[in-house]
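In: below is the sequence, then the predicted model.
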Amino acid sequence: MNFELLEQSIQYTFNNGKYGEDGFKKRIFKNVKRDATADGLAKVGSAIASLQDDALGAATLIQKQGIPLVDQA
């Protein structure tokens with residue numbers, strides 16, 4: 001039995017003192033393509049961080065996968 005990928009998103013953590021005591025802000029972007037690469041997602045995160053004058057602290061790929069159910073009959 002295999003999982004079925006339903007959707008995936010990316011969470012970026014941006015570091016900057018302007019975000020209060022913690023110094024970071026997390027943002028989630030939905031609808032990441034299934035064939036997206038780690039390198040490509042890192043480049044996007046770096047570009048967004050640069051536009052905001054932040055440092056990219058982390059990038060986390062979030063996947064939601066369906067589990068096929070087997071009939072018990």
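Out: Alright, I've got the coordinates.
In: on the three-state scheme, the residue nearest the centre of the chain is what?
Out: Taking Cα atoms, centre = their mean as the criterion, residue 10 is the residue nearest the geometric centre of the chain, at 1.3 Å. On the three-state scheme (DSSP: H, G, I helix; E, B strand; the rest coil), residue 10 is labelled strand.
In: residues in a beta bridge with it, which ones?
Out: Taking DSSP bridges, one obtains residue 29, residue 61 as the residues bridged to residue 10.
In: can you tell me which residues contact it?
Out: The contact partners of residue 10, by Cβ atoms under 8 Å, 6 or more residues apart in numbering, come to 28-29, 32, 36, 41, 44-45, 59-62. Every residue, glycine included, has its C-beta placed from N, CA and C.
In: try it again at 6 Å.
Out: Contact partners of residue 10, counting by Cβ atoms under 6 Å, 6 or more residues apart in numbering, are 29, 32, 41, 61.
In: same question for residue 66.
Out: Counting by Cβ under 6 Å, 6+ apart, residue 66 has contacts 4, 6.
In: what is the neighbour count of residue 54?
Out: By the other Cβ atoms under 10 Å criterion, the neighbourhood of residue 54 contains 21 residues.
In: same check, this time on residue 45
Out: Residue 45 has 22 neighbours, counted by other Cβ under 10 Å.
In: thought residue 12 was touching it, still the case?
Out: Yes - applying Cβ atoms under 6 Å, one finds residue 45 in contact with residue 12, separated by 4.6 Å.
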